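Asker: structure for the following, please:
(one chain, ligands or ions: 1)
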Amino acid sequence: MSVLQVRRLRVYYGTPAQPVRAVEDVSLEIGEREVVGLVGESGCGKSTLGRGILGLLPEGARADGEVLYGGRNLIGLSPKELRRLRGPDLGLVFQEPMTRLNPLSRISEHFRETLKQHESRLSDAEMRRRSLETLGRMGIPPTRFDQYPHEFSGGMRQRIMIALALVLRPKLLVADEPTTSLDVIVEGQILALLADLKRDFGTALLLITHNLGIVAESCDRIAVMYAGKIVEEGPVRDVFANPAHPYTRELLRSTISLETTELHSIPGAPPNLIDPPPGCRFHPRCPDAMRVCAQLEPVEKRFDQVRRVQCWLHGPESRIPAGGELPLEREAIGVADEA
Ligand code: SF4
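Answerer: Have a look, this model is predicted:
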């Protein structure tokens, strides 16, 4: 059963004459109790996709396509209707807790405000009980309930943010780089807490991260995003063992592990999304680029129900023009020598 279905979602910024195509024709499903990792380099559209799903795009952004939740398309709902869904149905954990917590309000007031907005029928005692119970799960003792945000460490503030999202028992939580800037011990604790969520509350989770180690530990499925598109998707184990897209393979090669003997980085940088390269957007950086890659956008290939890729290496061959399989000259497409 899907909690959320995203179909052909597009998010544009800027002017109609010169749009920044931040998310382009993205489709994605998240099942009940499923943890999906959304990965890619900075500037590939991960956070925009997360915010697009929740209807939290900045002013000036335009979205079209479908974000289906509970039988309704969230695109096109009024801000009021979206606000009603956010919290009890759809939760969000941001990267920087300090920018979301009001420094002048005690933690208890943050909880009271959140619960009052969405569960006004609860008594004060019930609100307090529910808040303390959720904070307790995050390892924050009741003695700290009436403290201010500045009295907590960065890791504790992030746990408070997660608790604030969870106190309403959302069906889907979007966590955008929830452990960035935290040390590895706190990171491990937060990931363990997020894993408990699906077990205890049945929450589905979209985990946005650039850290593949986190995905390996915490996710059921992975969606790899490059230049506004999902280029590969599948079960974490399958994709890690056998990446089908060269970008996924290069990302995995760039991950540092205990076995790492040589550092690897992908040459170049993600493209400017005002004017992305024609054909496959990864072709200027791809060690496997072929002539066809610079000419035509790859067609999605589905290996089975859960595994798909957008890359000409996987066909369909009938769409490749004559001569398209010839490797491009590296100099001609600017792939650095160290690739
Ligand atoms: Fe590389 Fe071509 Fe596949 Fe793009 S379509 S990832 S350029 S091989």
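Asker: quickly list what Tyr226 is bridged to.
Answerer: Beta-bridge partners recorded for Tyr226 (DSSP bridges): Lys229.
Asker: the helix or strand where Glu232 lies - contacts with which helices or strands?
Answerer: Taking DSSP states H and E as the definition, one finds Glu232 inside strand 229-235. Applying 3 or more C-beta pairs under 8 Å, 6 or more residues apart in numbering; DSSP states H and E, we find strand 229-235 packed against strand 19-31, strand 221-226, helix 246-253, strand 308-310. For the C-beta atoms, the positions are set from N, CA and C on the backbone; glycine is no exception.
Asker: TSV for those, including mean pLDDT and distance to the ligand?
Answerer: Listed next are those as TSV, based on pLDDT from 0 to 100; distance: least, C-beta to the nearest ligand atom, whole Å:
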stretch	mean pLDDT	distance to the ligand
strand 19-31	94	15
strand 221-226	98	9
helix 246-253	95	4
strand 308-310	96	7
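Asker: quick check: buried residues in the strand holding Glu232?
Answerer: By neighbour count with 16 or more other C-beta atoms under 10 Å, strand 229-235 contains the buried residues 229-234.
Asker: same question, stretch 139-155
Answerer: 140, 149, 152, 155.
Asker: and the two most separated of these?
Answerer: Spatial extent of those (C-beta to C-beta) is set by the pair Pro149 and Gly155 at 12.9 Å.
Asker: all strands of the stretch 151-300 of the chain, in order?
Answerer: 172-176, 204-208, 221-226, 229-235, 300-302 (DSSP state E, counting those that start in this stretch).
Asker: ok, which of those comes nearest Met127?
Answerer: Minimum separation from Met127 across the strands of the stretch 151-300 of the chain (C-beta to C-beta) falls at strand 172-176, 20.5 Å.
Asker: CA atoms only for the closest one, dumped as PDB, please.
Answerer: The C-alpha coordinates for strand 172-176 follow below in PDB (Å, rounded to 0.1, in the frame of the first residue of the first chain):
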ATOM      1  CA  LEU A 172       4.700  10.300   6.400                       C
ATOM      2  CA  LEU A 173       7.800  12.200   7.600                       C
ATOM      3  CA  VAL A 174      10.100  14.000   5.200                       C
ATOM      4  CA  ALA A 175      13.500  14.400   6.900                       C
ATOM      5  CA  ASP A 176      15.900  16.800   5.100                       C
END
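Asker: contact residues of this protein facing the ligand?
Answerer: Residues of the chain lying close to the ligand (C-beta under 6 Å from any ligand atom) are 245-246, 280, 282-283, 286, 288-290, 293, 298, 311-313.
Asker: for PyMOL, what selects the buried ones among those residues?
Answerer: Applying 16+ other C-beta under 10 Å to these leaves a buried subset, and the PyMOL line that selects it is:
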select buried, resi 245+246+280+282+283+286+288+289+290+293+298+311+312+313
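Asker: and the two most separated of the residues of the chain next to the ligand?
Answerer: Pairwise over the residues of the chain next to the ligand, using C-beta to C-beta, the maximum falls at His245 and Met290, 14.0 Å.
Asker: any chance of the buried residues of strand 229-235 in JSON lines, plus pLDDT?
Answerer: As requested, the buried residues of strand 229-235 are exported to JSON lines (pLDDT from 0 to 100):
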{"residue": "Lys229", "pLDDT": "97"}
{"residue": "Ile230", "pLDDT": "97"}
{"residue": "Val231", "pLDDT": "97"}
{"residue": "Glu232", "pLDDT": "98"}
{"residue": "Glu233", "pLDDT": "98"}
{"residue": "Gly234", "pLDDT": "97"}
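Asker: okay, the most centrally placed residue in the chain and Ile214: tell me how far apart.
Answerer: Nearest to the geometric centre of the chain sits Ile208, at 2.9 Å (C-alpha atoms, centre = their mean). Ile208 sits 10 Å away from Ile214, going by C-beta to C-beta, to the nearest Å.
Asker: returning to what we had before: which one of the helices and strands packed on strand 229-235 is the most hemmed in?
Answerer: Sort the helices and strands packed on strand 229-235 by mean neighbour count, taking mean count of other C-beta atoms under 10 Å, and strand 221-226 sits at the top with a mean of 25.
Asker: which neighbouring elements make contact with that one?
Answerer: strand 35-39, strand 229-235, helix 236-241, helix 246-253.
Asker: so what's the nearest residue to Ala244 once chain neighbours are set aside up against?
Answerer: Ranked by C-beta to C-beta, 6 or more residues apart in numbering and with sequence neighbours excluded, the top spatial neighbour of Ala244 is Val309, at 4.1 Å. Residues in contact with Val309 (C-beta atoms under 8 Å, 6 or more residues apart in numbering) are 231-233, 244-245, 300-301, 303.
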